[in-house]
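# return a 3D structure for these sequence lines:
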Amino acid sequence: MVKLDIVGTGPGSVDYVMPLARKIVSDAQIVIGAQRSLDLFNKDIPCETYVLTAKNLNELLKYAVESNRKGKAVVILSTGDPGFSGLLKTVLNTRLITLSEINVTPGISVIQVCAAKLGLSWDDACLFTFHQGNADVLKKTELIACLKAGKDIMLLPDAKAFAPKQIAAYLLDAGFSSDMVVFICENVTLSDERIVKSSLGSVSVLEFGTLCVMVIKAKCNSGNV
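Numbering: from 1, shown residues only. As a prediction, this is how the structure comes out:
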């Protein structure tokens with residue numbers, strides 16, 4: 001049985017695309033992904049391609065599954081790693097296909113790159129994603145609990161629903177110190193990459209780009225931080 005491939009494309013730079021990802025894409029008959037993911041493979045895609053958007057997501061996922069079940073080699077590209085704020089959950093939540101019908105190829109997550117650039121050992125950090133408006137009360141409560149437990153936080157903000165300034169304001173309202181150290185890593189691995197060291201108080205009044213990671217230090221005790 002030919003399985004549907006979900007392939008991680010890394011944090012954004014072509015330098016972070018895994019060789020295995022390129023091989024899988026070069027052997028595909030159909031490749032589906034966001035434009036910025038497709039652009040990373042412009043020399044490796046010998047087949048039909050489809051640009052994935054929020055509007056055509058369900059339609060293209062259905063087409064991908066139907067084509068795969070007809071025996072075609074179909075690849076869905078997922079930015080970063082498919083399993084962390086990637087397309088794996090989205091594909092499975094459609095209930096069009098089961099995990100046994102999928103091959104997942106991991107990619108380098110922007111979380112990993114940020115940790116490396118900050119010299120942060122992140123095996124004990126709390127990870128959060130607030131992408132796609134995923135900022136419910138339970139997650140916010142977990143965020144506060146992790147900080148109170150002295151855990152460093154690495155999170156993906158949502159530019160519309162829960163941006164860095166909103167997160168900072170929320171934590172300030174919850175009683176955390178305005179001096180708490182915060183890093184904002186924007187456009188990581190891209191030519192306009194920027195890493196800002198700031199404080200919870202300062203971030204609460206600043207604007208940042210859509211592609212960013214927010215790192216909140218419960219205590220500064222390692223690496224470059």
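# not counting sequence-adjacent ones, nearest residue to the residue nearest the centre of the chain?
The residue lying closest to the centre of the chain (Cα atoms, centre = their mean) is residue 85, at 4.6 Å. Leaving aside its chain neighbours, residue 85 sits nearest to residue 129 (3.9 Å; criterion: Cβ to Cβ, 6 or more residues apart in numbering). No exception for glycine: its C-beta is placed from N, CA and C like everyone else's.
# tell me where the protein has helices.
All helices of the chain, identified by DSSP state H, fall at 19-26, 35-38, 57-69, 87-93, 110-118, 137-148, 164-173, 200-203.
# so for the first one, mean pLDDT?
Model confidence over helix 19-26 averages 96 on the pLDDT scale.
# figure out which of the helices of the chain is closest to residue 102.
Proximity to residue 102 (Cβ to Cβ) singles out helix 87-93 among these, at 7.1 Å.
# the closest one: how far from the chain's middle?
Centroid separation for helix 87-93 versus its chain: 13 Å, with Cα atoms, centre = their mean, to the nearest Å.
# what segments of the chain are strands?
4-8, 30-33, 48-51, 74-78, 102-105, 126-129, 153-156, 181-186, 194-199, 212-216 (DSSP state E).
# in a markdown table: these, plus mean neighbour count.
As requested, those are arranged in a markdown table below (neighbours: other Cβ atoms under 10 Å):
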| stretch | mean neighbour count |
| --- | --- |
| strand 4-8 | 26 |
| strand 30-33 | 24 |
| strand 48-51 | 15 |
| strand 74-78 | 28 |
| strand 102-105 | 18 |
| strand 126-129 | 19 |
| strand 153-156 | 23 |
| strand 181-186 | 21 |
| strand 194-199 | 15 |
| strand 212-216 | 24 |
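# just put those in a markdown table and tack on distance to residue 63 and mean pLDDT.
Formatted as a markdown table, these follow (distance: least, Cβ to Cβ, whole Å; pLDDT from 0 to 100):
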| stretch | distance to residue 63 | mean pLDDT |
| --- | --- | --- |
| strand 4-8 | 11 | 98 |
| strand 30-33 | 8 | 97 |
| strand 48-51 | 8 | 95 |
| strand 74-78 | 9 | 97 |
| strand 102-105 | 16 | 98 |
| strand 126-129 | 26 | 95 |
| strand 153-156 | 28 | 97 |
| strand 181-186 | 34 | 97 |
| strand 194-199 | 38 | 97 |
| strand 212-216 | 32 | 97 |
